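Participant: What follows is a protein structure lacking sequence information:
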């Protein structure tokens with residue numbers, strides 16, 4: 001089979017499409033013939049170097065060594081495809097079932113999705129709705145679950161609330177606005193100028209070009225800020241919250257994420273505002289996301305798709321933050 005393999009850390013230039021053996025599923029695993037997979041922030045972070053939480057797991061010396069090979073050689077966690085074979089203890093799936101899900105696990109488990117075949121734990125997959133394309137399914141798992149967790153960071157949305165999504169033109173933002181607008185709320189999206197028309201089209205009530213306006217200094221206040229970038233001090237974001245409001249981040253610049261984790265408690269103690277660092281609960285809301293898709297209330301925004309042979313270009317496009325929605329890669333054999 002063909003797979004996107006890397007032997008070291010660095011730019012997308014370290015990625016190489018190679019022929020390798022098809023993996024064999026364990027007794028509790030499903031062998032998935034992958035039709036589509038999408039790029040997440042974790043993929044790009046692991047491409048460059050292990051993020052700090054991963055470096056604290058296992059052998060610190062080995063993880064920090066410049067010469068040590070990456071523990072994850074084949075990236076890709078969000079996949080969609082067909083069950084090709086199942087282990088003897090798998091009860092939910094049979095060969096031929098269309099499936100999708102997030103393969104990532106705590107630590108350095110999972111991944112391997114940028115390949116024509118991958119072994120997935122049974123609980124990492126759900127059945128794909130018939131009307132959902134494989135490209136759409138591959139775009140949903142991490143972004144959809146993070147959007148759900150972020151929107152519910154301070155409990156169910158209430159009618160009349162004002163919500164802002166920072167970095168709104170990517171996967172989390174484009175899914176998040178569609179879910180939020182199922183309630184009577186007002187949603188503002190912040191991103192760069194080329195994405196604003198798409199953002200209006202999928203439901204944002206207001207859009208802001210961050211190159212022209214600093215929403216944290218505009219005087220406008222929000223009940224919830226869902227941040228996908230975390231590229232500024234949490235004190236700046238909190239300034240744009242209403243009393244009792246919540247700032248929730250799903251990831252971004254590592255130093256800023258750590259700052260949120262460190263000062264969040266102090267902000268909660270000294271203000272009437274809440275700071276939440278979202279920890280991904282893999283695949284938790286996929287059933288709900290499938291229901292919303294089948295009801296015609298959710299449609300992932302796809303950037304691409306790119307072929308596996310063009311994966312380097314796909315990663316560069318993702319790194320430049322010019323993508324709209326989710327960058328999806330499809331396998332050569334489809």
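Facilitator: Received it, and whenever you're ready, just let me know what you need. Just so you know, these numbers come straight off a predicted model, no measurement behind them.

Participant: what about the nearest residue to residue 319 once chain neighbours are set aside, which SS state?
Facilitator: Leaving aside its chain neighbours, residue 319 sits nearest to residue 44 (6.1 Å; criterion: Cβ to Cβ, 6 or more residues apart in numbering). All C-beta atoms are positioned from the backbone trio N, CA, C, and that covers glycine. Secondary structure, DSSP: H, G, I helix; E, B strand; the rest coil: residue 44 is helix.

Participant: Count residues in the vicinity of residue 44, would you?
Facilitator: Neighbour count for residue 44, taken as other Cβ atoms under 10 Å: 15.

Participant: same check, this time on residue 33
Facilitator: Taking other Cβ under 10 Å as the neighbour definition, residue 33 ends up with a count of 20.

Participant: likewise the one 3 residues further on?
Facilitator: Using other Cβ under 10 Å, residue 36 is surrounded by 25 other residues.

Participant: so what does the helix or strand hosting it touch, helix or strand wise?
Facilitator: Residue 36 is part of strand 29-38, with elements assigned from DSSP states H and E. Strand 29-38 makes packing contacts with strand 78-86, strand 117-121, helix 134-139, strand 326-330 when contacts are defined by 3 or more Cβ pairs under 8 Å, 6 or more residues apart in numbering; DSSP states H and E.

Participant: mind checking pLDDT for the nearest residue to residue 218 once chain neighbours are set aside?
Facilitator: With Cβ to Cβ, 6+ apart as the criterion, residue 218 has its nearest non-adjacent residue at 7.7 Å, and that residue is residue 240. Confidence at residue 240, expressed as pLDDT, is 97.

Participant: ditto for residue 334
Facilitator: Confidence per residue is given as pLDDT, and for residue 334 that number is 69.

Participant: Could you pull out the strands in the stretch 151-300 of the chain for me?
Facilitator: Using DSSP state E, counting those that start in this stretch, the strands of the stretch 151-300 of the chain run over 162-166, 186-191, 206-209, 222-227, 241-249, 274-277.

Participant: Okay, angle between the second one and strand 162-166 too, please.
Facilitator: The reference is to strand 186-191. Orientation of strand 186-191 against strand 162-166 (axes from the mean of the first three to the mean of the last three Cα atoms, to 10 degrees) gives an angle of 20 degrees.

Participant: how distant is strand 186-191 from the center of its chain?
Facilitator: The offset between the C-alpha centroid of strand 186-191 and the centroid of the whole chain comes to 18 Å, using Cα atoms, centre = their mean, to the nearest Å.

Participant: Note down every partner strand of that strand and its orientation.
Facilitator: Partner strands for strand 186-191, per DSSP bridges, with pairing direction: strand 162-166 (parallel), strand 206-209 (parallel).

Participant: What does the pLDDT read for the nearest residue to residue 232 once chain neighbours are set aside?
Facilitator: Once flanking residues are discounted, residue 232 sits nearest to residue 256: 6.9 Å by Cβ to Cβ, 6+ apart. Looking at residue 256, its pLDDT reads 75.

Participant: Surely residue 256 touches residue 231?
Facilitator: Yes. Between residue 256 and residue 231 there is a contact at 6.1 Å, judged by Cβ atoms under 8 Å.

Participant: Could you check which of these two has the larger neighbour count?
Facilitator: For the pair residue 256 and residue 231, the greater number of neighbours falls to residue 256 (19 against 13), based on other Cβ under 10 Å.

Participant: residue contacts, that one?
Facilitator: Taking Cβ atoms under 8 Å, 6 or more residues apart in numbering as the criterion, residue 256 is in contact with 230, 231, 232, 233, 234.

Participant: repeat for residue 315
Facilitator: By Cβ under 8 Å, 6+ apart, the residues touching residue 315 are 12, 15, 39, 43, 44, 47.

Participant: and if you look at residue 102?
Facilitator: With contact set as Cβ under 8 Å, 6+ apart, residue 102 has these partners: 77, 78, 110, 124, 141, 142, 145, 282, 283.
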